[in-house]
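# just coords:
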Ligand SMILES: Cc1ncc(COP(=O)(O)O)c(C=O)c1O
């Protein structure tokens with residue numbers, strides 16, 4: 001390496017290290033970070049991200065810098081109430097003290113693991129999950145994200161299929177509009193063309209049924225049986241998150257359980273988004289008292305401090321991984337940073353009754369949103385959801401964008417996205433205060449009033 005290049009790289013990394021060590025910057029320094037950030041994204045991250053921000057934000061150069069509780073601040077100090085919750089990670093709010101303490105305490109003596117000796121925090125975290133998940137779910141494999149959790153669950157289900165029948169075709173049935181991640185296996189069971197089409201062909205023998213329709217699942221399993229396609233597992237989210245907070249009929253999951261048992265098919269519950277209290281119970285599937293065969297988790301599992309995912313299953317189904325624990329591994333899976341965060345997150349979740357808070361605050365917010373629907377009926381078509389996984393469906397994509405953008409300007413962040421702009425999600429932390437909830441509703445009311453006028457004047461498309 002040339003000495004000049006080495007010096008230049010050292011100077012850059014020193015600058016970033018210095019910045020990390022500081023929370024307060026003067027106005028010139030703040031602007032310098034914004035400029036650096038914009039240029040670095042343009043040149044080295046992905047200029048497409050900046051283009052996307054331009055279309056969905058009133059200030060696409062907003063750079064995040066600091067967070068606490070249920071709010072975060074951009075580098076200039078503008079406060080945002082977090083109604084996006086990092087797409088579902090901030091159940092406990094930002095930098096919850098119990099989780100931060102767990103992780104920093106652990107960091108004082110060990111960060112990552114040898115992968116040869118036994119790591120005790122992985123044991124404690126697994127024990128807690130076995131205690132807190134339904135039925136006989138007991139053995140946990142830790143990984144680093146939700147999509148990896150689903151990859152592992154699919155592999156485990158396929159091993160189970162092969163165990164029952166050597167030439168098992170190991171098909172999977174998933175749900176239309178279900179979202180399970182973007183790595184190859186998880187994408188193959190994700191039911192939305194926008195994410196799938198560019199990558200065809202995906203994994204074989206994956207079939208899709210409408211979400212919430214148990215008879216359709218039964219019929220599809222009958223078809224698969226008739227054509228000789230053995231199905232290893234059916235995968236579903238307890239509430240469809242990315243699809244826009246779709247809650248299934250009350251009898252859906254009990255029927256799913258019966259149908260899976262009837263056909264000898266495993267039921268995988270993807271709790272990546274619905275877990276850790278999001279929908280008002282610790283796990284989404286708890287609403288219906290149903291025990292899945294495999295459950296996958298991620299997002300809020302690490303208390304919004306350390307990324308972590310996992311899947312958990314019964315001793316019987318997990319057996320192939322016991323016979324050969326190296327059949328499925330990942331370098332960082334179950335590391336002490338991640339598992340100390342899981343322990344801290346579960347502790348805080350239980351101690352503060354996060355599911356109960358999500359249920360009560362979600363019900364309160366949904367009532368207020370329904371009142372707003374009554375006030376602006378042409379604009380807001382539907383209010384859906386369970387607990388703090390709420391979807392607001394607007395009359396048009398343009399109107400949905402306009403409301404999300406208006407809220408951004410008002411200091412409330414929501415999840416308006418490029419592909420489902422008509423519906424945006426309200427997924428705040430369960431630790432929201434009453435004052436913050438009042439503010440969210442008041443600001444939404446203001447923005448909707450303005451967008452309604454624009455729609456009426458024909459400046460924003462109504463359909
Ligand atoms: C239900 C569900 N499963 C899986 C995933 C993928 O998780 P990750 O983005 O951590 O890979 C998501 C992400 O949104 C999700 O909502």
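Received it, and whenever you're ready, just let me know what you need. Model, not experiment: these values are computed from the prediction. Numbers count the residues shown, from 1 in each chain.
# all strands of the chain, in order?
Counting by DSSP state E, the chain has these strands, from start to end: 64-68, 71-74, 79-82, 139-143, 171-175, 206-209, 231-236, 266-270, 294-297, 309-313, 380-386, 389-394, 412-413, 423-426.
# ranking the ones you listed by mean pLDDT, which is last?
Between the strands of the chain, the lowest average pLDDT goes to strand 423-426, which shows a mean of 88.
# roughly how far is that strand from the heart of the chain?
13 Å (CA atoms, centre = their mean, to the nearest Å).
# ditto for stretch 392-406
Counting by CA atoms, centre = their mean, stretch 392-406 comes out at 22 Å from the chain centroid.
# do stretch 339-351 as well
Stretch 339-351 sits 17 Å away from the centroid of its parent chain (CA atoms, centre = their mean).
# now stretch 33-49
That offset, for stretch 33-49, works out to 25 Å (CA atoms, centre = their mean).
# nearest to the ligand, out of the strands of the chain?
strand 266-270 (4.6 Å; CB to the nearest ligand atom). Yep, even glycine has a C-beta here, placed from its N, CA and C like the rest.
# who's in contact with that closest one?
Here strand 266-270 makes contact (CB atoms under 8 Å, 6 or more residues apart in numbering) with 146, 150, 153-154, 157, 160, 178, 180, 232-238, 256-257, 260, 283-285, 290, 292-296, 317.
# hey, what's the angle from it to strand 309-313? Just curious.
With axes from the mean of the first three to the mean of the last three CA atoms, to 10 degrees applied, the angle from strand 266-270 to strand 309-313 works out at 150 degrees.
# what about strand 266-270 and the ligand, touching?
Yes - residues of strand 266-270 contacting the ligand under CB under 6 Å from any ligand atom: residue 270.
# direction included, what does that strand pair up with?
Strand 266-270 pairs in its sheet with strand 231-236 (parallel), strand 294-297 (parallel), by DSSP bridges.
# pick the most deeply packed of those strands.
strand 294-297 (a mean of 29; mean count of other CB atoms under 10 Å).
# relative to the whole chain's centre, how far out is that one?
Here strand 294-297 is found 13 Å from its chain centre; the criterion is CA atoms, centre = their mean.
# same thing with stretch 20-38?
30 Å.
# buried residues, that stretch. List them.
Neighbour counts using 16 or more other CB atoms under 10 Å place 30, 33, 34, 37 of stretch 20-38 among the buried residues.
# distance of residue 30 from residue 103?
According to CB to CB, to the nearest Å, residue 30 and residue 103 sit 28 Å apart.
# repeat for residue 172
Taking CB to CB, one finds residue 172 at 35 Å from residue 103.
# these two - which one has more neighbours?
residue 172 (26 against 23; other CB atoms under 10 Å).
# find the nearest non-adjacent residue to that one, please.
residue 206 (5.1 Å; CB to CB, 6 or more residues apart in numbering).
# quick one, phi psi at residue 63?
phi -110, psi 130 (degrees, to the nearest 10).
# residue in the protein nearest to the ligand?
residue 146 (2.3 Å).
# neighbours of that residue, how many?
Neighbours of residue 146 (other CB under 10 Å): 30.
# which one of the strands of the chain lies closest to residue 335?
Closest to residue 335 of those is strand 139-143 (CB to CB; 8.0 Å).
# list the strands paired with that closest one, with their directions.
Assessed with DSSP bridges, strand 139-143 is paired to strand 309-313 (antiparallel).
# distance of the residue of the chain closest to the ligand relative to residue 90?
15 Å.
# same deal with residue 264?
Per CB to CB, residue 264 is found 39 Å from residue 90.
# who has more neighbours, these two?
Per other CB under 10 Å, whichever of residue 264 and residue 90 has more neighbours is residue 90, with 26 against 13.
# need the contact list for the more buried one.
Residue 90 touches 70, 82, 300, 304, 428, 429, counting by CB under 8 Å, 6+ apart.
# which of the contacts of strand 266-270 fall within helices?
146, 150, 153, 154, 157, 160, 256, 257, 260, 317 (DSSP state H).
# highest neighbour count among those residues?
residue 153 (32 neighbours).
# pretty sure that residue sits against residue 293.
No - with contact defined as CB atoms under 8 Å, residue 153 does not reach residue 293; the gap is 9.3 Å.
# tell me, what's touching the two both at once?
In contact with both residue 153 and residue 293: 233, 268, 313, using CB under 8 Å, 6+ apart.
# just checking, what packs against the lowest-mean-pLDDT helix or strand in the chain?
Sorting the helices and strands of the chain by mean pLDDT, DSSP states H and E puts helix 47-56 at the bottom, at a mean of 80. Under the contact definition 3 or more CB pairs under 8 Å, 6 or more residues apart in numbering; DSSP states H and E, helix 47-56 sits against helix 397-409.
# report the buried residues of the helix it packs on.
Buried, per 16+ other CB under 10 Å, within helix 397-409: 397, 398, 399, 400, 401, 402, 403, 404, 405, 406, 407, 408.
# compute the inter-axis angle for it and strand 389-394.
Going by the same axes, to 10 degrees, helix 397-409 makes 120 degrees with strand 389-394.
# what does this protein put close to the ligand?
Applying CB under 6 Å from any ligand atom, we find that the chain lies next to the ligand at 87, 145-147, 150, 179-181, 237, 241-242, 270, 272-273, 298.
# out of these, which are buried?
Buried subset of the residues of the chain next to the ligand (neighbour count, 16+ other CB under 10 Å): 145-147, 150, 179-181, 237, 241-242, 270, 272-273, 298.
# how long is stretch 188-204 end to end?
Stretch 188-204 has an end-to-end distance of 8 Å (criterion: CA to CA, to the nearest Å).
# from what I can see residue 445 touches residue 371, true?
No - look at residue 445 against residue 371 with CB under 8 Å: they stay out of range, at 9.0 Å.
# give the residues shared as contacts by the two.
By CB under 8 Å, 6+ apart, no residue touches both residue 445 and residue 371.
# who's in contact with residue 25?
19, 33, 75.
# same question for residue 34.
By CB under 8 Å, 6+ apart, residue 34 lies in contact with 61, 63, 75.
# scan those residues and report the most crowded one.
residue 75 (19 neighbours).
# tell me, how many residues neighbour the nearest residue to that residue once chain neighbours are set aside?
Nearest residue to residue 75 in three dimensions, chain neighbours excluded: residue 65, at 4.2 Å (CB to CB, 6+ apart). Using other CB under 10 Å, residue 65 has 19 neighbouring residues.
# my guess is residue 65 meets residue 79, correct?
No - taking contacts as CB under 8 Å, residue 65 lies outside contact range of residue 79: 11.3 Å.
# quickly list what's touching both of those two.
Residues touching both residue 65 and residue 79 by CB under 8 Å, 6+ apart: residue 73.
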